[in-house]
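pasting the structure only:
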């Protein structure tokens, strides 16, 4: 999720600079642990996630600011992985 975040935000900001409005910037994820970490940040981390660097919690800031929405999507219904 962290690897594709700059591209997702770039696309949103580019469209807004062209005069379009982006109401919902939705990222669908099939890993529920990733969603939990992205939504709650360090509150969801424990001993097993202490190695995760601070840059991965940047996603939490983007979710809190409304730049990004995260939704669960089962693996079976996902047609592509980024």
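Sure thing, it's come through. Being a predicted model, the structure only gives us computed values, none of them experimental. Numbers count the residues shown, from 1 in each chain.

Run through this protein and note the low-pLDDT ranges.
Applying pLDDT under 70 to the chain flags the ranges 41-56, 80-82.

Do a quick rundown of the helices in the chain.
For the chain, the helices defined by DSSP state H occupy 5-17, 32-40, 58-65.

what would the ones you listed look like in a markdown table with distance to residue 76?
In short, each C-beta sits where N, CA and C put it, glycine included. Putting the helices of the chain into a markdown table (distance: least, Cβ to Cβ, whole Å) gives the following:
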| stretch | distance to residue 76 |
| --- | --- |
| helix 5-17 | 23 |
| helix 32-40 | 14 |
| helix 58-65 | 24 |
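
Can I get those helices in CSV including mean neighbour count and distance to residue 77?
Shown next, in CSV, are these (neighbours: other Cβ atoms under 10 Å; distance: least, Cβ to Cβ, whole Å):
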stretch, mean neighbour count, distance to residue 77
helix 5-17, 12, 20
helix 32-40, 16, 15
helix 58-65, 15, 22
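
Which of those helices sits closest to residue 25?
Minimum separation from residue 25 across these (Cβ to Cβ) falls at helix 5-17, 5.0 Å.

one step back: so which of the helices of the chain is nearest residue 75?
The closest of the helices of the chain to residue 75 is helix 32-40. By Cβ to Cβ, the value is 10.9 Å.

so how far is the closest one off the chain centroid?
9 Å (Cα atoms, centre = their mean, to the nearest Å).
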